[in-house]
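In: please work out how this folds:
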Amino acid sequence: MEEPNEPLDFAEVPFPMPKEKPVHEVRLGAIKAAIWKNDTPNGVRYNVTFVRLYRDNVEWKTTESFGRDDLLLVGKVCELALLWVYEQTQTQSQNQSPDGEDIPF
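Out: Numbers count the residues shown, from 1 in each chain. I've put the predicted structure just below:
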């Protein structure tokens, strides 16, 4: 194996950026929604991701696949996530809009 001619410069080594955390989470049973805040030139936007938690022996894991029995909970978690996002959007629009008009999210 060849030795490199130059010493390794650690400033050039790409280190993974720390993962951002969601601004809010909603969980019912094994179904969880993570709500992510995105600052855009047009204002704040929210995105939501959904996972199902399950245990593989002793380790907890997640999947984006949902079975028939999960779907009602997915719907309820989705509704709760929507309400949280809507409340945040309403608060922001009241702070930004002088005439009180609703700004769509």
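In: quick check, residue 70 in contact with residue 30.
Out: Yes: using Cβ atoms under 8 Å as the test, residue 70 is close enough to residue 30 to be in contact (7.4 Å). From N, CA and C alone the C-beta is placed, and that goes for glycine too.
In: overlap in contacts, these two.
Out: By the contact definition Cβ atoms under 8 Å, 6 or more residues apart in numbering, residue 70 and residue 30 are jointly contacted by residue 52.
In: what segments of the chain are strands?
Out: With DSSP state E, the ranges of strands along the chain come out as 24-28, 31-40, 43-56, 59-63.
In: tell me which residues are up against the last one.
Out: Counting contacts by Cβ under 8 Å, 6+ apart, the residues outside strand 59-63 that touch it are 32, 51, 52, 53, 54, 55.
In: and that strand, which strands flank it?
Out: Using DSSP bridges, strand 59-63 pairs in its sheet with strand 43-56 (antiparallel).
In: then the strand it pairs with to CSV, C-alphas only?
Out: C-alpha atoms of strand 43-56 as CSV (Å, rounded to 0.1, in the frame of the first residue of the first chain):
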residue,chain,number,x,y,z
GLY,A,43,-41.8,33.0,4.5
VAL,A,44,-41.8,30.0,6.7
ARG,A,45,-43.1,26.7,5.3
TYR,A,46,-43.6,23.4,7.1
ASN,A,47,-43.1,19.9,5.9
VAL,A,48,-44.3,16.7,7.6
THR,A,49,-42.8,13.2,7.5
PHE,A,50,-44.5,10.1,8.9
VAL,A,51,-43.0,6.9,10.3
ARG,A,52,-44.1,3.8,12.1
LEU,A,53,-41.9,2.7,15.0
TYR,A,54,-41.3,-1.0,15.5
ARG,A,55,-39.0,-3.2,17.6
ASP,A,56,-36.6,-5.6,15.9
